[in-house]
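Student: next input, structure requested:
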Amino acid sequence: MQVKIHWIIDGMADMDVDKPEDAEAKVEEMLKKVLADNPDLINVLGARAIQGKAYLPGSEDDSEDATPDV
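Tutor: Take a look at the predicted model:
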């Protein structure tokens with residue numbers, strides 16, 4: 001029997017950087033390495049997208065939309 005599985009990985013990282021864009025770039029670089037080192041994430045598990053958004057603590061972390069997609 002063949003079935004479909006929809007999976008989500010949700011994460012939150014704290015980084016000491018000069019500006020939010022630096023944190024986004026750092027995470028993007030790390031995630032690209034993870035994907036390159038683990039091709040099964042794409043080839044077997046069908047990973048299609050990873051996205052995220054940096055924000056300053058206290059600005060969005062208490063709202064309903066606080067969890068960025070990563």
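Student: what does Gln51 show for phi and psi?
Tutor: Note on Gln51: its backbone torsions stand at phi -140, psi 160 [degrees, to the nearest 10].
Student: what's around the residue nearest to Trp7 when sequence neighbours are not counted, how many residues?
Tutor: Spatial nearest neighbour of Trp7, excluding adjacent residues (CB to CB, 6 or more residues apart in numbering): Leu45 at 7.1 Å. Using the backbone N, CA and C atoms, a C-beta is placed for each residue, glycine as well. Per other CB atoms under 10 Å, the neighbour tally for Leu45 reads 11.
Student: from Leu31, how far off is Leu45?
Tutor: Note on Leu45: its distance to Leu31, by CB to CB, to the nearest Å, is 14 Å.
Student: and Val44, how far from Trp7?
Tutor: On the measure of CB to CB, Val44 and Trp7 end up 12 Å apart.
Student: repeat that for Glu24.
Tutor: Taking CB to CB, one finds Glu24 at 23 Å from Trp7.
Student: looking at the two, which one has more neighbours?
Tutor: A count of neighbours by other CB under 10 Å puts Glu24 above the other of Glu24 and Trp7, at 17 against 7.
Student: wouldn't that one be in contact with Ile50 here?
Tutor: No. Contact criterion CB atoms under 8 Å: Glu24 and Ile50 do not qualify, at 11.6 Å.
Student: sticking with Ala36, tell me its helix or strand.
Tutor: In this structure, Ala36 sits in helix 20-37 according to DSSP states H and E.
Student: ugh, typo on my part, it should be Leu41
Tutor: Leu41 belongs to helix 40-43, assigned by DSSP H and E.
Student: equivalent analysis for Leu56, please.
Tutor: Counting by DSSP H and E, Leu56 is part of no helix or strand.
Student: the residue lying closest to it once chain neighbours are set aside: how many residues sit nearby?
Tutor: Nearest non-adjacent residue to Leu56, counting by CB to CB, 6+ apart: Pro20, 7.0 Å away. Residues near Pro20, counting by other CB under 10 Å, number 14.
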